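*Asks:* Predicted structure and sequence below. I'll ask about it afterward.
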Amino acid sequence: MPDDPVIRLPLDPNEEVSADAGKSFEKLRHLILAPEQEGLARLRDRVENPEQRASDLSAVLPEAIRLLRQQGRAEDLAEVLAPTVESALRESVQKDPTTLADALFPVMGPAIRRSILQTLRLLFESFNEAMEQSLSLRGLQWRFEALRTGRPFSEIVLLHSLVFRVEQVFLIHKKTSLPLCHVVAPSVAMQDPSLVSGMLSAIQDFVRDSFQGSQGQVIEKLQVGELEVWVEDGPQAVIAAVIRGMAPPAYRSELVEAVERIHRKFAHQLEKFQGETSPFDSATEDLTPCLESLHREKGSLRPRPYMLVFACVALLLLGGWFAFSARRNHKWRAYAESLGQQPGIVVTSSGRHGGRFVISGLRDPLSADPQALLQSSGLNPTQAEFHWSAYYALDDPILQKRAANLLKPPASVSLGVTDGVLHVQGVAPDDWLASFPARAAMIPGIRDVEMSRLAGASEAEFQRLQGVIRAAVVTFPIGSAEIIPSQSASLKVLLPEITALLQEAESLHESVVINVVGHSDSTGEESTNQLLSKNRADTVTWALVHDGSPRSSLRPRGVASAQPLRPETDEEARQYNRSVTFSIGTTVAPNP
């Protein structure tokens, strides 16, 4: 590093110099004190300048960290730098997660592939064993055991075909009983390392205290149900292996070698251990080889004939049961679908629960009975369970039933619903018809009422009487206005109809006028025919008045041949036109 240039401090111009001696003295003082003053100025600049301080610190910081590690104080350095490193990692992940992901990619990929391959290997071994035993007596026994215990069949196969498997390995600090590292075999439920190490240490202490063992003695093996725990002791740490099955004695030597490797690699960390387990993360490389397993070798025994027969019978029974269950389930599903298509029923869920077929949904009280439909489907009603919530359906058949229940129409009235519109037709009694509009407006779901084809009894009778009177025809001989006896009888039959028509009109507040229309054929002079047709109308009017009809309701008039009843193509048609007919005019009578 080059020396800083020498800076000479100038003389203070404010100082007074009165003589040459003073000037000489000041020059001497400047020459003697200038170097020290310049050095102090440079030191002040290095201390007060932040950039200069950072530059000086960056030059010595790496050497200081290296020296700290050589002095055995790496733990102090890690403790100081850990919060800063954690905060930096957290901030980096929040800003851009891909940076950390890219950095971990070379490590994560192999680890994930290794775990997947090991899991698939165990899965294929279990699957192969299950396939080989599926048609044997042993396989059927294992299936029965799986049904009885509720455990998966693959797990039963694995347990029976397994000689031994090391499921978990714990590295425990001897003095503090704290777990330092823990590895678990694939498809094994992980236990809490702290809980296991604490229980193991407690058992060790209990045995030593109870049987007056020396401090250095340890329990080498524990039996816990189907599991064994092998313990290998070391100077500073203990390895505990959880084993399912019968492990060979040679496995003990593997535990001894693992303990020795760990004490060689982590001697300093074990000696200085204060509760921080992160330095022992790499110990998984030494513990993972201890996760061994051994399965029984497959035999080459051929299945015996009785076993094949038994397997075939079992398969037939099993196939028959599956076919029966499939057919029954199909019938239940078909029933649920047909039930959902019924008006007023909405099926929201269906399926088996507790050995019964449960159907839930919405049901209008006027819909079809599900129990009756169930019996017609050939299914057992006791195996069904229904859960319905009531609601008002808007299906046209349900609306029609609802209208019939509320309106109670007479037999002469028919109801129909199309798209929410109530269609009513027929002849109804007057009292029912009077209350019909108000009651129809109260039917839930009915948005409109069409009653153009609905008539009251009085109005219907009124219409019928009009039709009878309009259809009546009184014929006359040629050139005559006299009523022959046969036609006189017809008028007497017509008289009660006219009287009833007038009475019905009065009850309906209508005014009725009966036009008595005289006709003639087209032969002869039109003036003569006009007089003749008028005389015929007067004759019929006089006969009706004579028999009791009111004269004020009859209006005779003649139309000659201007309004023929039939085309005069023959004599019979001309004879029909020599007649008197009736037409009816109505007006609404004013209320009295």
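*Replies:* Okay, I see it.
*Asks:* Please point out which parts of stretch 557-565 sit buried.
*Replies:* Going by neighbour count (16 or more other Cβ atoms under 10 Å), the buried part of stretch 557-565 is 558-561, 564. Bear in mind the C-beta positions are built from the backbone N, C-alpha and C, glycine included.
*Asks:* Over to stretch 409-426?
*Replies:* Using 16+ other Cβ under 10 Å as the test for burial, stretch 409-426 gives 409, 413, 415, 417, 422-425.
*Asks:* now do the same end-to-end measure for it.
*Replies:* Terminal residues of stretch 409-426 are spaced 10 Å apart (Cα to Cα, to the nearest Å).
*Asks:* repeat for stretch 424-436
*Replies:* Note: stretch 424-436 ends 10 Å apart using Cα to Cα.
*Asks:* Name the residues that touch that stretch?
*Replies:* Contacting residues not belonging to stretch 424-436 are listed as 407, 409-410, 412-415, 440, 449-451, 453-458, 460 [Cβ atoms under 8 Å, 6 or more residues apart in numbering].
*Asks:* List just the nearest of the buried residues of stretch 409-426 to Ala241.
*Replies:* Val417 (79.3 Å; Cβ to Cβ).
*Asks:* part of a strand, is that closest one?
*Replies:* Yes: applying DSSP: H, G, I helix; E, B strand; the rest coil, one finds Val417 inside a strand.
*Asks:* about what we covered before: inside strands: which ones of the buried residues of stretch 409-426?
*Replies:* If you go by DSSP state E, the buried residues of stretch 409-426 have 413, 415, 417, 422-425 in strands.
*Asks:* Against Gly479, how distant is Gln551?
*Replies:* Actually, residue 551 is Arg rather than Gln. Computed as Cβ to Cβ, to the nearest Å, the Arg551 to Gly479 distance reads 27 Å.
*Asks:* which of the two has more neighbours?
*Replies:* Gly479 (13 against 10; other Cβ atoms under 10 Å).
*Asks:* Hmm, Asn529 and the more buried one touching each other?
*Replies:* No: the criterion here is Cβ atoms under 8 Å, and Gly479 misses it with Asn529 at 9.7 Å.
*Asks:* per-residue confidence for Leu28?
*Replies:* Looking at Leu28, its pLDDT is 71.
*Asks:* Counting neighbours, what do you get for it?
*Replies:* Leu28 has 10 neighbouring residues, counting by other Cβ under 10 Å.
*Asks:* got any ranges where the stretch 101-250 of the chain has weak pLDDT?
*Replies:* Flagging of the stretch 101-250 of the chain using pLDDT under 70 yields the residue ranges 101-139, 142, 151, 153-163, 190, 206-218.
*Asks:* repeat for the stretch 451-592 of the chain
*Replies:* By pLDDT under 70, the low-scoring segments of the stretch 451-592 of the chain are 587-592.
*Asks:* Do you have the strands of it handy? List them.
*Replies:* 473-475, 510-518, 554-558, 579-588 (DSSP state E, counting those that start in this stretch).
*Asks:* do the stretch 301-450 of the chain as well
*Replies:* Per DSSP E, counting those that start in this stretch, the stretch 301-450 of the chain carries strands over the ranges 345-353, 356-363, 384-390, 413-418, 421-428, 448-456.
*Asks:* same for the second one, what does it pack against?
*Replies:* With contacts defined as 3 or more Cβ pairs under 8 Å, 6 or more residues apart in numbering; DSSP states H and E, strand 356-363 has these neighbours: helix 305-340, strand 345-353, strand 384-390.
*Asks:* Using CSV, write down the CA coordinates of stretch 448-467.
*Replies:* C-alpha atoms of stretch 448-467 as CSV (Å, rounded to 0.1, in the frame of the first residue of the first chain):
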residue,chain,number,x,y,z
ASP,A,448,-102.3,-17.3,-14.5
VAL,A,449,-105.8,-18.7,-15.0
GLU,A,450,-107.5,-19.4,-18.4
MET,A,451,-111.3,-19.8,-18.0
SER,A,452,-112.6,-18.9,-21.4
ARG,A,453,-114.2,-22.4,-21.7
LEU,A,454,-115.7,-22.4,-18.2
ALA,A,455,-119.4,-21.6,-17.9
GLY,A,456,-121.9,-21.5,-15.1
ALA,A,457,-124.9,-23.7,-15.0
SER,A,458,-127.3,-20.9,-15.7
GLU,A,459,-125.2,-19.6,-18.6
ALA,A,460,-124.8,-23.1,-20.0
GLU,A,461,-128.5,-23.7,-19.9
PHE,A,462,-129.1,-20.3,-21.5
GLN,A,463,-126.8,-21.3,-24.3
ARG,A,464,-128.5,-24.6,-24.7
LEU,A,465,-131.9,-23.1,-24.9
GLN,A,466,-130.7,-20.6,-27.5
GLY,A,467,-129.4,-23.5,-29.6
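*Asks:* Off-centre distance for that stretch?
*Replies:* Here stretch 448-467 is found 54 Å from its chain centre; the criterion is Cα atoms, centre = their mean, to the nearest Å.
*Asks:* Can you tell me how far Gln563 is from His519?
*Replies:* Between Gln563 and His519 the computed distance is 7 Å (Cβ to Cβ).
*Asks:* Now for the two: what residues contact both?
*Replies:* Here Gln563 and His519 share no contacting residue, scored by Cβ under 8 Å, 6+ apart.
*Asks:* coming back round to it: can you add distance to Phe357 and pLDDT and give the ones in strands among the buried residues of stretch 409-426 back as a markdown table?
*Replies:* Compiled in a markdown table, those are given as follows (distance: Cβ to Cβ, whole Å; pLDDT from 0 to 100):
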| residue | distance to Phe357 | pLDDT |
| --- | --- | --- |
| Val413 | 43 | 87 |
| Leu415 | 37 | 90 |
| Val417 | 33 | 90 |
| Leu422 | 38 | 91 |
| His423 | 40 | 92 |
| Val424 | 42 | 90 |
| Gln425 | 44 | 88 |
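*Asks:* among the residues you listed, which two are most distant?
*Replies:* Once Cβ to Cβ is applied, these give Val413 and Val417 as the farthest pair, at 14.1 Å.
*Asks:* in the stretch 101-250 of the chain, which spans are strands?
*Replies:* For the stretch 101-250 of the chain, the strands defined by DSSP E, counting those that start in this stretch cover 162-173, 179-184, 221-224, 227-233, 237-245.
*Asks:* and the third one, which strands flank it?
*Replies:* So the one you mean is strand 221-224. strand 227-233 (antiparallel) (DSSP bridges).
*Asks:* Okay, buried residues for the partner strand please.
*Replies:* The neighbour-count check on strand 227-233 (16+ other Cβ under 10 Å) flags 228-233 as buried.
*Asks:* hmm, who's touching it?
*Replies:* Where contact means Cβ under 8 Å, 6+ apart, the residues beyond strand 227-233 that reach it are 167, 174, 200, 218-222, 238-244, 247, 251-252, 255-256, 258-259.
*Asks:* separation between Leu147 and Gln141?
*Replies:* 11 Å.
*Asks:* before we move on, what about Ala438?
*Replies:* Counting by Cβ to Cβ, the separation of Ala438 from Gln141 is 78 Å.
*Asks:* Between those two, point out the one with more neighbours.
*Replies:* Shown here are Ala438 and Gln141; by other Cβ under 10 Å, Gln141 has more neighbours (13 against 8).
*Asks:* what's the average pLDDT for the one helix or strand His263 maps to?
*Replies:* Using DSSP states H and E, His263 sits within helix 251-265. Per-residue pLDDT over helix 251-265 has a mean of 86.
*Asks:* Give the buried residues for it.
*Replies:* Residues of helix 251-265 classed as buried by neighbour count (16+ other Cβ under 10 Å): 251, 254-255, 258-259, 262.
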